[in-house]
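Undergrad: could you look at this predicted model? Sequence included:
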Amino acid sequence: MSPQRIFLLSPANCNGTRAKQILSPRSQSSLAAELRSRRGAMLGDVFAFVSGLYFRGKLTYAVRFAGFDGVHVITPNAGLRRPDTYITHKALRAFADGDIHHHNADYRLPLEKSARALLDEIGPGCDVVLLGSVASPKYVDVLTVIFGERLKFPIDFVGRGDMSRGGLLLRQARAGVELPYVPVIGAVLHGARPPKLPPLRSGAGLYARPT
C-alpha cells in the first residue's frame, strides 16, 4: 500500500558550534563515540544534536505521523536519506564542507536524483510535505520541479522562526494532531508573526528511535 504522506526534512547546520563539538576528537559523549565508530551514528540522532529544538521538532513530528519509512532528510551532498541511516565522522565532515545552494551541483544533483527516485516509489495520491524553509530557493527551486503541486508545507510555519516551528511541531506530535498543509506553489510565504507559544515541558515529544 502506498503511503498517504511523506515528509522531507531540511538539514541541520553541520558547520555550527554543536557540529564542531561533536566532531572534536576530544568529545567524550556517547554520540561522538558512535560517530567515530566503524558503523557510525544515526543521521537523525546527529542532526537532532547538531540543530537542537528545530530539527528535533521536525523529526519527532514526521516520525509520529509517518514512521521512519515515511521520513527523508535532505543532506548537503548525498541527496535524501532516511533518519535511521548511519553516518560516520568522515561523512559529517563532508556535510560540514558542503554548500547548500540550489546552484551548487554537488548539493543539487544528488537531491534531484534521490527525489526523482522517491517520486517513482510513491503512489499518485501521496503528498510530499517539506518541513523546512519555503521562502528560500535552496529547497523549493529543486523540489517543486520534481514534485510540482504535490509539494506542500504546514501553513502554520508562515511568520514563525526556526525555534517557534520546532516548538510547534513538538506540541502537535505530543497532541497527535497534524497541522494543515498547503501547496508550496502559489502560497503566501511571508506573514505576520503569530502569538508566542507557551513554554514546553522538559523532555516533551522526543521521537522514538528504531530498534
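TA: On my side now, so go ahead.

Undergrad: what's in contact with stretch 14-25?
TA: 12-13, 27, 29, 31-32, 35-36, 46, 49-52, 76, 89, 92-93, 95-98 (C-beta atoms under 8 Å, 6 or more residues apart in numbering). Yep, even glycine has a C-beta here, placed from its N, CA and C like the rest.

Undergrad: of the residues you listed, just the buried ones, ChimeraX syntax please.
TA: Selection of the buried residues among the contacts of stretch 14-25 in ChimeraX, burial being defined by 16 or more other C-beta atoms under 10 Å:
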select :12,13,31,32,35,36,46,49,50,51,52,76,89,92,95,96,98
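
Undergrad: and what about the spatially closest residue to S51 that is not a sequence neighbour, helix, strand or coil?
TA: Nearest residue to S51, sequence neighbours excluded (C-beta to C-beta, 6 or more residues apart in numbering): A12, at 3.6 Å. Per DSSP: H, G, I helix; E, B strand; the rest coil, the secondary structure class of A12 is coil.

Undergrad: mind checking how far A12 is from G148?
TA: For A12, the distance to G148 (C-beta to C-beta, to the nearest Å) stands at 27 Å.

Undergrad: re the thing from before, the residue nearest to S51 touches D45, doesn't it?
TA: No. Counting by C-beta atoms under 8 Å, D45 is not a contact partner of A12; they are 11.0 Å apart.

Undergrad: quick one: pLDDT of the residue located most distally from the centre of the chain?
TA: In terms of distance from the mean C-alpha position of the chain, R26 ranks first, at 27.9 Å (C-alpha atoms, centre = their mean). Model confidence at R26, given as pLDDT, is 91.

Undergrad: helix/strand/coil for it?
TA: Assignment for R26 (three-state DSSP): coil.

Undergrad: got phi/psi on it?
TA: When read as degrees, to the nearest 10, the backbone of R26 gives phi -90, psi -10.

Undergrad: one more: D84?
TA: Residue torsions, per degrees, to the nearest 10, at D84 are phi -90, psi 10.

Undergrad: going forward, begin numbering at 112 instead of 1
TA: Sounds good: first residue 112 from here, last item D195.

Undergrad: after the helix or strand hosting I133, which helix or strand is next? Please name it.
TA: Per DSSP states H and E: I133 is located in helix 128-134. The helix or strand immediately downstream of helix 128-134 is helix 141-147, counting by DSSP H and E.

Undergrad: strand partners of the helix or strand that comes right after that next one, parallel vs antiparallel please.
TA: Sequence-wise, the next helix or strand downstream of helix 141-147 (DSSP H and E) is strand 152-153. Strand pairing for strand 152-153, using DSSP bridges, gives strand 197-198 (antiparallel).

Undergrad: for the residue lying closest to K249 once chain neighbours are set aside, give its distance to L142.
TA: In this structure, K249 finds its nearest non-sequential neighbour in H213, 5.1 Å apart by C-beta to C-beta, 6+ apart. Using C-beta to C-beta, H213 is found at 31 Å from L142.
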